[in-house]
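Novice: Below is the sequence, then the predicted model.
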Amino acid sequence: MKEIQDGQLAFVARFFQAGRFDTASAWRQFSRAHGLRRRGRIGGRRYPARPAGRPVTWGYALALTGAFAALALGIFLFERSAWTTVPQAAAAQTIILPDRTEATLAPGSTLRFRSRGFGRNGRTVRMDGKVYFAVEHDADLPFEITAAQGLVRVLGTRFQVETTADGTAVDVVDGRVLFAHAPDGRRQGRGHRKGLPVREQDGIVLTRGMHAELAAGAARPVLCEPQTANPAAWASHLFRYEDTPLSAVLQELSAQFGKDLSTDQPDRRLTGEFEGTDLREILGLIEEALDLTIYIK
Amino acid sequence: MDNRTDDIRTLFSRYYRPLCLYALHYLKDAAASEDVVQDSFAALLEKPADPASQKAYLYAMVRNRCIDRLRSLGRKEAPVRPEDLEGEISDEQAIERSALEARLWEAVGKLPRGRRELLLMSKRDGMTYEQIAREKGLSVHTVRNQISRALQALRAEADRILDFLLFFFTLPAV
């Protein structure tokens, strides 16, 4: 009885569709349809659209400024209590956010997330350092990250965000990620205000394997070549190569596993996908695929 | 109203996915199954049931709505029975299986996408490892390896629920 019943797995596999039978999003749909939500946002739009191209008038701006000044202290106090900070650690650590998104923090990195209603009212985090995310898919609730001046928005995917002295870099393992400059208002901790939607045309959309950087002071991120083929492999344990010179592959694996790898045929090219934390297993697959020998020192 | 919301929410988080799998045995259509389950919870919201029989009540509502839907689609011949891939099964079997299948569904959803695709090609499409390897441009070894990791993850999930059930059922006997 311990083995999975083949018939049951076959049945599940036959009808499986990603994102279907998702209890969390079904509950959102249900509670919205029946008015069960306790406060705010009943059937509301999360990102109210402003008519395109309409200029903000001075009067409007002044009124807003006044309102903000009056609320400044309250907001400040509220914000301070509304963020949960993940303590820094000396080794890489993986935490699970309330929406079941996994975040793996490189040593010395910080991550803060909205503690109130996270996963229900919004999914907003702020970070510094290097963090790998495997975001739980939720079509209704984009996951937003503010990192230095960069803003990253996704629905569900795997990717890494890194802030350095030079700016912010994003590496996508899977899925679709919007990467843009954060609106100025967000820099001081008002990341959750809903009135300032960042649109796709404000930034760039990254997909599988793409790498982009937002230099400090630049207005938009730019697409560029990553330094190594799999910058997020330290956390994703996923190594993907496409016609990559074996010398570059071995260099990356050497750095990743702290070994010195070499071969007689460094000019051969490798295409393939390897996942796992067992170096010997990965090397075995490469050796088999290319029919050569790799030496470990 | 708030207590009522909490009750429904608890039932929802416990039974939503199992009920969907149960409905799937009747309807063989994931979207339609979700509609039926949502409708049934809506009916429960309108007309609360005795807390002791809520689960049975939910399953009964889902069953009735599935049968209604199949009849309205022109399946006149009675009686309507749930099915798995092999053929008809009893309604009790469908209820019994739905809990484990719900866990398997969730576990399949949590697999890394590439691995999940290979698993589905094998289990859903019935392709051999050689055929999958050829289509995906991977080595047979990689395919076998990835699928066995996927199965390991599913087995771990299945074990978790079986252990839970065993614990649950042996407890009163101790």
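Specialist: Ah, there it is.
Novice: ok, residues contacting stretch A:17-29?
Specialist: A:99, A:119-120, A:137-141, B:9, B:12-13, B:16-17, B:20-21, B:30-31, B:33-34, B:37-38, B:102, B:105-106, B:109, B:116 (Cβ atoms under 8 Å, 6 or more residues apart in numbering or on different chains). Glycine gets a C-beta too; all of them are placed from N, C-alpha and C.
Novice: Alpha carbons only: can I get it in PDB?
Specialist: This file holds the C-alpha atoms of stretch A:17-29, laid out as PDB (Å, rounded to 0.1, in the frame of the first residue of the first chain):
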ATOM      1  CA  GLN A  17      -3.300  21.200 -15.800                       C
ATOM      2  CA  ALA A  18      -0.900  23.600 -14.100                       C
ATOM      3  CA  GLY A  19      -2.700  26.100 -12.000                       C
ATOM      4  CA  ARG A  20      -6.000  24.100 -11.800                       C
ATOM      5  CA  PHE A  21      -7.500  23.000  -8.500                       C
ATOM      6  CA  ASP A  22      -5.500  25.600  -6.700                       C
ATOM      7  CA  THR A  23      -7.100  26.000  -3.400                       C
ATOM      8  CA  ALA A  24      -5.800  29.500  -2.700                       C
ATOM      9  CA  SER A  25      -6.900  31.100  -5.900                       C
ATOM     10  CA  ALA A  26     -10.200  29.200  -5.900                       C
ATOM     11  CA  TRP A  27     -10.800  30.600  -2.400                       C
ATOM     12  CA  ARG A  28     -10.100  34.100  -3.600                       C
ATOM     13  CA  GLN A  29     -12.500  33.700  -6.400                       C
END
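Novice: ok, how many other residues are close to A:Ser247?
Specialist: Residues contacting A:Ser247 under the criterion other Cβ atoms under 10 Å in any protein chain shown number 16.
Novice: quick revisit: type out the ChimeraX command that picks the buried ones from the contacts of stretch A:17-29.
Specialist: Listed next is the ChimeraX selection for buried residues among the contacts of stretch A:17-29, using 16 or more other Cβ atoms under 10 Å in any protein chain shown:
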select /A:99,119,120,137,138,141 /B:12,16,17,20,21,30,33,34,37,38,102,105,106,109,116
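Novice: Sketch out the helices for the chain, chain order is fine.
Specialist: You didn't pick a chain, so chain A it is. In chain A, the segments counted as helices under DSSP state H are A:6-15, A:23-33, A:58-82, A:233-236, A:246-257, A:279-290.
Novice: that's the other chain; I wanted chain B
Specialist: B:2-27, B:30-46, B:54-72, B:91-110, B:113-123, B:129-136, B:140-170.
Novice: closest to B:Leu85 out of the helices of chain A?
Specialist: Nearest to B:Leu85, of all those, is helix A:6-15, at 5.4 Å by Cβ to Cβ.
Novice: Okay, buried residues for that closest one please.
Specialist: A:8-13, A:15.
Novice: neighbours around B:Pro51, how many?
Specialist: The number of residues packed near B:Pro51 is 9, by other Cβ under 10 Å.
Novice: Repeat that for B:Pro79.
Specialist: Counted with other Cβ under 10 Å, residues neighbouring B:Pro79 total 7.
Novice: Roughly how far does it sit from chain A?
Specialist: B:Pro79 sits 21 Å away from chain A, going by Cβ to the nearest Cβ, to the nearest Å.
Novice: Residue of the stretch 51-200 of chain A nearest chain B, please.
Specialist: When distances are taken as Cβ to the nearest Cβ, the stretch 51-200 of chain A reaches nearest to chain B at A:Asp174, 5.8 Å away.
Novice: That residue pairs with what?
Specialist: A:Arg158 (DSSP bridges).
Novice: residues contacting it?
Specialist: Applying Cβ under 8 Å, 6+ apart, the residues near A:Asp174 are A:157-159, A:208, B:112-113.
Novice: same question, A:Leu36
Specialist: Contacts of A:Leu36 by Cβ under 8 Å, 6+ apart are A:30, B:5, B:8-9.
Novice: Of all residues in chain B, which one is nearest the centre?
Specialist: B:Leu21 (2.9 Å; Cα atoms, centre = their mean).
Novice: That residue against B:Arg103, yeah?
Specialist: No: counting by Cβ atoms under 8 Å, B:Leu21 does not reach B:Arg103; the two are 9.5 Å apart.
Novice: quick revisit: considering only the buried residues of helix A:6-15, which also neighbour chain B?
Specialist: Counting by Cβ under 8 Å from any Cβ of the partner chain, A:8-13, A:15 from the buried residues of helix A:6-15 sit close to chain B.
Novice: May I see those residues organised as JSON lines, with pLDDT added?
Specialist: Formatted as JSON lines, these follow (pLDDT from 0 to 100):
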{"residue": "A:Gln8", "pLDDT": "87"}
{"residue": "A:Leu9", "pLDDT": "88"}
{"residue": "A:Ala10", "pLDDT": "88"}
{"residue": "A:Phe11", "pLDDT": "91"}
{"residue": "A:Val12", "pLDDT": "92"}
{"residue": "A:Ala13", "pLDDT": "91"}
{"residue": "A:Phe15", "pLDDT": "91"}
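Novice: Considering the contacts of A:Asp174, which possesses the most neighbours?
Specialist: A:Phe159 (26 neighbours).
Novice: How about that residue: what's its closest non-neighbour residue?
Specialist: A:Val172 (4.4 Å; Cβ to Cβ, 6 or more residues apart in numbering or on different chains).
Novice: Count residues in the vicinity of that neighbour, would you?
Specialist: 23.
Novice: need the contact list for it.
Specialist: Applying Cβ under 8 Å, 6+ apart, the residues contacting A:Val172 are A:157-159, A:206-211.
Novice: Retrieve the pLDDT associated with the closest residue to A:Thr168 other than its chain neighbours.
Specialist: Take A:Thr168 and drop its neighbours on the chain: the residue closest to it by Cβ to Cβ, 6+ apart is A:Gly150, 3.5 Å away. Confidence at A:Gly150, expressed as pLDDT, is 90.
Novice: Quick one: residues contacting the residue of chain A found nearest chain B.
Specialist: Scanning chain A for proximity to chain B using Cβ to the nearest Cβ identifies A:Ala13 as nearest, at 3.9 Å. When contacts are counted by Cβ under 8 Å, 6+ apart, A:Ala13 is found next to B:108, B:119-120, B:123-124.
Novice: what about it, distance to A:Gly276?
Specialist: Here the criterion is Cβ to Cβ, to the nearest Å. By it, A:Ala13 lies 23 Å from A:Gly276.
Novice: How about B:Arg81?
Specialist: Look at B:Arg81 and A:Gly276: by Cβ to Cβ, they are 44 Å apart.
Novice: Confirm for me that B:Ala23 is in contact with B:Asn64.
Specialist: No: with contact defined as Cβ under 8 Å, B:Ala23 does not count as touching B:Asn64 (11.0 Å).
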